[in-house]
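Novice: A structural model of the following input is requested.
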Amino acid sequence: MAISSSPSVRVMLVDDLPERAATVENHLVAAGYEVVSRLPTASGLLFQIEQHRPDIILIDLQSPGRDVLESLSVINAHNPTPVVMFSEEEDPGFIEDAVDAGVSAYLMGSVDTKRVKPVIDVAIAQFKSFQSLRKALDTTRDRLESLSIIDKAKTLLINQHKFTEEEAHQQLRSLSMDTNQTMQQAAQSVVTILGKNN
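Specialist: The predicted structure follows:
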């Protein structure tokens with residue numbers, strides 16, 4: 001059974017060659033994608049993304065400049081979106097900067113209409129995988145930070161009030177429930193208050 005692309009995949013096309021852009025758009029539409037915007041330059045890219053909320057951005061510019069990468073960095077930080085960039089730029093430093101700015105797939109040369117669908121599919125899959133990893137990393141970092149603060153609070157309670165570790169933990173749990181705070185918030189309060197006496 002053939003699986004067709006969902007028409008809900010919204011594509012923004014940034015291409016400085018109108019004829020090529022029109023051909024690519026026709027292929028995208030034929031493949032089941034919705035082209036929400038076709039831009040001749042990356043000027044005003046942030047505004048356009050805010051307006052159209054694409055699911056993926058395809059960029060094919062003769063010479064993508066640093067301003068394009070800066071815009072992509074802002075997008076990656078505030079509204080992560082998969083980006084495919086086609087470019088003649090072979091400088092490894094530029095390619096590295098492009099990936100750091102949030103480019104999911106960087107391909108040498110111009111967009112090939114026959115390859116555009118698999119490229120989009122791979123870029124979206126890679127983007128989702130990266131976002132899952134980033135989320136897992138953030139969750140792990142938050143958990144470690146929380147455990148570190150709780151451990152610090154327990155140590156202060158043990159040292160200053162001669163509690164056992166179990167009693168210190170119970171004290172934090174009670175404080176958390178009494179003040180309607182998370183364990184981390186309660187621990188932070190203890191660290192702030194008792195830490196001054198240390």
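Novice: what strand or helix carries the closest residue to residue 164 other than its chain neighbours?
Specialist: With CB to CB, 6 or more residues apart in numbering as the measure, residue 158 is the residue that lies nearest to residue 164, at 7.3 Å, once sequence neighbours are left out. Bear in mind the C-beta positions are built from the backbone N, C-alpha and C, glycine included. In this structure, residue 158 sits in helix 116-161 according to DSSP states H and E.
Novice: which residues of the chain score low on pLDDT?
Specialist: 1-7, 197-198 (pLDDT under 70).
Novice: could you pull out the strands for it?
Specialist: Applying DSSP state E to the chain gives strands spanning 10-15, 34-39, 56-60, 83-87, 105-108.
Novice: for residue 162, find the nearest of those.
Specialist: Each of these was scored for nearness to residue 162 using CB to CB, and the closest is strand 83-87 (57.8 Å).
Novice: relative to helix 116-161, how tilted is that closest one?
Specialist: Strand 83-87 and helix 116-161 meet at an angle of 130 degrees, taking axes from the mean of the first three to the mean of the last three CA atoms, to 10 degrees as the criterion.
Novice: so how far is residue 36 from the residue nearest the centre of the chain?
Specialist: With distances taken as CA atoms, centre = their mean, the chain has residue 80 as the residue nearest its mean C-alpha position (4.2 Å). Per CB to CB, to the nearest Å, residue 80 is found 17 Å from residue 36.
Novice: what sits against the residue nearest to residue 164?
Specialist: Shown here is residue 158, whose contacts under the criterion CB atoms under 8 Å, 6 or more residues apart in numbering are 164, 165, 168.
Novice: what do you get for residue 107?
Specialist: So residue 107 contacts 84, 85, 86, 87, 119 (CB under 8 Å, 6+ apart).
Novice: for residue 58, see how far away the third one is.
Specialist: Residue 86 sits 8 Å away from residue 58, taking CB to CB as the criterion.
Novice: so which of these two has more stuff around it?
Specialist: More crowded of residue 86 and residue 58, by other CB atoms under 10 Å: residue 58, with 28 against 22.
Novice: list buried members of the contacts of residue 158 by neighbour count.
Specialist: Judged by neighbour count, with 16 or more other CB atoms under 10 Å as the criterion, the buried members of those are residue 168.
Novice: shared neighbours, residue 86 and residue 58?
Specialist: Jointly contacting residue 86 and residue 58 under the rule CB under 8 Å, 6+ apart are residue 111.
Novice: what's the spacing between the residue of the chain most remote from its centre and residue 192?
Specialist: With CA atoms, centre = their mean as the measure, the chain has its most outlying C-alpha, relative to the mean C-alpha position, at residue 162: 45.7 Å. Taking CB to CB as the measure, residue 162 and residue 192 are separated by 21 Å.
Novice: that'll do, ta.
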